[in-house]
Structure formats: C-alpha cells, structure tokens
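Chemist: model the following, please.
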Amino acid sequence: QVQLLESGGGLVQAGGSLRLSCAASGRTFSTSDMGWFRQAPGKEREFVAYINCRGVTKNADSAKGRFTISRDNAKNTVYLQMNSLKPEDTAVYYCAATTACSAFGYTSRGSYAYWGPGTQVTVSS
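Modeler: Residues are numbered from 1 along each chain as shown. Below is the predicted model:
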C-alpha cells in the first residue's frame, strides 16, 4: 500500500505560480512512477505530468512550458511547479503512483494504483 497526500494548492491570480507537493509513505517510493492529474468541475480527470522512477518526464500539451514535475526520492516527495497559471488551470489536482517502475511512464489514469485525496487550485482572472 501507498499513501499519498498533496499540499500546496490555493487561490492565485492569473500569471502567478504555485508549487504542489505530494508526500508518499508505505512503499518504496523510488520504485514507483509518479503522476499529476487534475479534474475541473463537470470534466473528466485529465493527465498533467508524469515522472518515472528513472526521472523521465512528460507534460500534457496544456502544461508544456509552464509546469515542471520533479521528485526527491530522499524525501519521498514529488513536486509540480506551476508557473504562468491561467483560469483554465483551476481544478482539483491529484497525485498518483504506480506499483512498479516503467521504462517511460504513463499518461492514463488506469495505470496508477494509488491516489491522493487532491488539493484545490483556483486561478482568478
């Protein structure tokens, strides 16, 4: 079992920045691929970014050039640095973990076995 807990969400003006953190416990963090997803009201949960156990990263097109995912295996924590935020980034952001290390990483929700409760990000115009 893996327990995940997100933090760092909040209210920010358009153009501002936030740094989300996700603390993991219960399993060897370094052997899990990690992902960030988000869900806006009335919409499906969508992929934002992943970082696999080897440090390979991928962003969704909507996040390219603005968001950066990173991990600190010594702290069992994954981060999402979000810059140049837009009102359309408003959503609940979820951290997710896989059960094993992969060669690349995953963009699909079904590939992740563990999820955090989410943290709200609201971007005002």
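
Chemist: spatially nearest residue to the residue nearest in space to the middle of the chain (excluding sequence neighbours)?
Modeler: By Cα atoms, centre = their mean, the chain has its centre lying nearest to Trp36, at 2.1 Å. Distance criterion Cβ to Cβ, 6 or more residues apart in numbering; nearest residue to Trp36, sequence neighbours excluded, is Val48 at 4.3 Å. Where C-beta positions appear, they are placed from N, C-alpha and C, glycine not excepted.

Chemist: buried stuff in the one helix or strand that neighbour maps to?
Modeler: In the assignment (DSSP states H and E), Val48 maps to strand 46-51. Within strand 46-51, the residues that count as buried by 16 or more other Cβ atoms under 10 Å are 47-51.

Chemist: same question for stretch 23-33.
Modeler: Those would be 23-24, 27, 29, 32-33, for stretch 23-33 by 16+ other Cβ under 10 Å.

Chemist: need the worst-confidence member of these.
Modeler: pLDDT across these is lowest for Arg27, at 73.

Chemist: tell me which residues touch that one, please.
Modeler: 1-2, 97 (Cβ atoms under 8 Å, 6 or more residues apart in numbering).

Chemist: do the same with Ala96
Modeler: Contacts for Ala96 were tallied using Cβ under 8 Å, 6+ apart; they are 4, 34-37, 109, 112, 114-116.

Chemist: what's the burial count for Arg38?
Modeler: Neighbour count for Arg38, taken as other Cβ atoms under 10 Å: 24.

Chemist: apart from its chain neighbours, what residue comes closest to it?
Modeler: Ala91 (3.8 Å).

Chemist: give me the contact list for stretch 112-120.
Modeler: Taking Cβ under 8 Å, 6+ apart as the rule, stretch 112-120 contacts 1-10, 20, 22, 32, 35, 39, 91-99, 106.

Chemist: pull out the buried residues from that stretch.
Modeler: Neighbour-count burial for stretch 112-120 [16+ other Cβ under 10 Å]: 112, 114-116, 118-119.
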